[in-house]
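**Student:** A predicted structure for the sequence below; I have some questions about it.
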Amino acid sequence: MILGIETSCDETAAAVVENGTKVRSNVVASQVEIHARYGGIVPEVASRQHVLEILPTVETALTEAEVKLEELAAIAVTSGPGLAGSLLVGVNVAKALAFSLDVPLLGINHLEGHIYATWLDSRSGIGGIMEREHQQSPEYEPGFPLLCLIASGGHTDVVLMQDHGVYKVLGRTRDDAAGEAFDKAARILGLGFPGGPQVQNLAVGSKGLERLPRAWLKGTVDFSFSGVKTALLHRAQEIGIYPSDNGEQDELKKELASAFQESVVEVLVSKTLNAASEWQAKGILLGGGVTANVRLRDEMVHRSKLPVLLPPPVLCTDNGAMIASCGFFHLQRGKHSSLDLDVNPALSLQD
Ligand code: KG4
Ligand code: ZN
């Protein structure tokens, strides 16, 4: 039974996971409403909010799991990458708990956590682990290597997972992360924060009348999303879209939201599939907030000949369960952190 704590960005999250797979509880205190009024995350506000939320969140996670502190085998916590002030809150609480309970402390890379959301079991009650499209049995696993696409508000990385804990970063975004681009697109269209779900919802029912460019960066597994964002801005100005309008322009906005989403999705899917075939991957794994996107999920499953491992949307966005699961696999390999664990806002997957 491992407690997972996640405070790298704007969600205060804690969860209890049994044997690395069974989610006993998964509590997320979202700060979305607080940051929405600024149109994006304000780091100082985020860390102060984490201080207020962290203990009640941990307590709720234990209560919902019906687990006592003394029953915990280890404490896993995100130590990077992320916002320094936010990471510090989770790491300090985790250290205090690990020290007082005399159990191992497991410092976890947030991106590795997103990968492990796929190991969480749907049968534990938070709805469908993986829509494993080519799944033959609940225990079915395609084996390694897996080609992972981690797309969130801060990262868009393509990673080859050669084994548990063994990663090769093949490519990444050169400018905006995919989620950041969705958030900026939403702002251009006058939608709320976070932008991904809003763009997705608005795009439903589009007639496909607009098209925006794709940046292929051929010969690499890198991405660039700043061009499509600027193209969206120019097109919106050209046809006279105003963020503050009262809904009169809904049809135009719908077409632009869809064009933007299609551009991002096509590039993410095509480049991920190409990399999977180049590296002879046995499966594709998706993680991170953007992989909650319905169009991205559908398109990846539809176009991939390989099994696609997809966490349910609720586990794509930041949560403590994925951190606890990742911690379990660290512990199995005899890996843990010392009590002088520090935050590392720029922590990399491959060191
Ligand atoms: O992984 P995450 O919760 O936090 C980070 O580690 O950044 O990802 C948050 C990002 C936001 O940019 C949000 O707009 C995006 O994920 N996102 C989506 C969707 N749901 C969340 N993007 C596209 N479609 C979605 N349905
Ligand atoms: Zn994340």
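**Tutor:** It's in. Because the structure is predicted, anything quoted here is derived from the model rather than measured. Numbers count the residues shown, from 1 in each chain. Ligands and ions are numbered 1, 2, ... in the order given.
**Student:** Might you list the low-confidence residue ranges for the chain?
**Tutor:** 122-140, 244-248, 351 (pLDDT under 70).
**Student:** Grab the nearest non-local neighbour of the residue nearest in space to the middle of it.
**Tutor:** By Cα atoms, centre = their mean, the chain has its centre lying nearest to G288, at 1.8 Å. Nearest non-adjacent residue to G288, counting by Cβ to Cβ, 6 or more residues apart in numbering: S152, 3.5 Å away. Every residue, glycine included, has its C-beta placed from N, CA and C.
**Student:** so how many other residues sit close to the one you found?
**Tutor:** Other residues lying near S152 total 24 when counted by other Cβ atoms under 10 Å.
**Student:** ok, it - contacts?
**Tutor:** By Cβ atoms under 8 Å, 6 or more residues apart in numbering, the residues touching S152 are 114, 177-179, 288-290, 318.
**Student:** okay if I get the residues you listed as CSV plus distance to Q261 and secondary structure?
**Tutor:** Output for the contacts of S152, formatted as CSV (distance: Cβ to Cβ, whole Å; DSSP: H, G, I helix; E, B strand; the rest coil):
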residue, distance to Q261, secondary structure
H114, 21, helix
A177, 15, coil
A178, 11, helix
G179, 12, helix
G288, 16, coil
G289, 14, helix
V290, 10, helix
D318, 21, coil
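**Student:** after the helix or strand where V45 lies comes which helix or strand?
**Tutor:** Using DSSP states H and E, V45 falls within helix 43-65. Reading on from helix 43-65 to the C-terminus, the next helix or strand found by DSSP H and E is strand 74-80.
**Student:** one step back: using CSV, lay out the contacts of S152 together with distance to T156.
**Tutor:** Output for these, formatted as CSV (distance: Cβ to Cβ, whole Å):
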residue, distance to T156
H114, 12
A177, 5
A178, 5
G179, 8
G288, 8
G289, 11
V290, 8
D318, 16
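**Student:** same for ligand 2: which of those are within range?
**Tutor:** When Cβ under 5 Å from the ion is applied, the members of the contacts of S152 adjacent to ligand 2 are D318.
**Student:** Any quick PyMOL command for the buried ones out of the contacts of S152?
**Tutor:** Filtering the contacts of S152 down to the buried ones (16 or more other Cβ atoms under 10 Å) takes a single PyMOL command:
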select buried, resi 114+177+178+179+288+289+290+318
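**Student:** and the longest helix seen in the chain, how far from the chain's centre?
**Tutor:** Criterion DSSP state H: the longest helix present in the chain is helix 250-278. Offset of helix 250-278 from its chain centre (Cα atoms, centre = their mean, to the nearest Å): 17 Å.
**Student:** Is ligand 1 within reach of that helix?
**Tutor:** No: judged by Cβ under 6 Å from any ligand atom, helix 250-278 and ligand 1 are separated, with a smallest distance of 7.6 Å.
**Student:** buried sites along that helix?
**Tutor:** Using 16+ other Cβ under 10 Å as the test for burial, helix 250-278 gives 252-269, 271-273, 275-276.
**Student:** list the helices and strands the helix or strand that comes right after that helix packs on?
**Tutor:** Next along the chain after helix 250-278, taking DSSP H and E as the criterion, comes strand 283-287. Here strand 283-287 touches helix 110-116, strand 146-151, helix 250-278, helix 294-303, strand 308-309, going by 3 or more Cβ pairs under 8 Å, 6 or more residues apart in numbering; DSSP states H and E.
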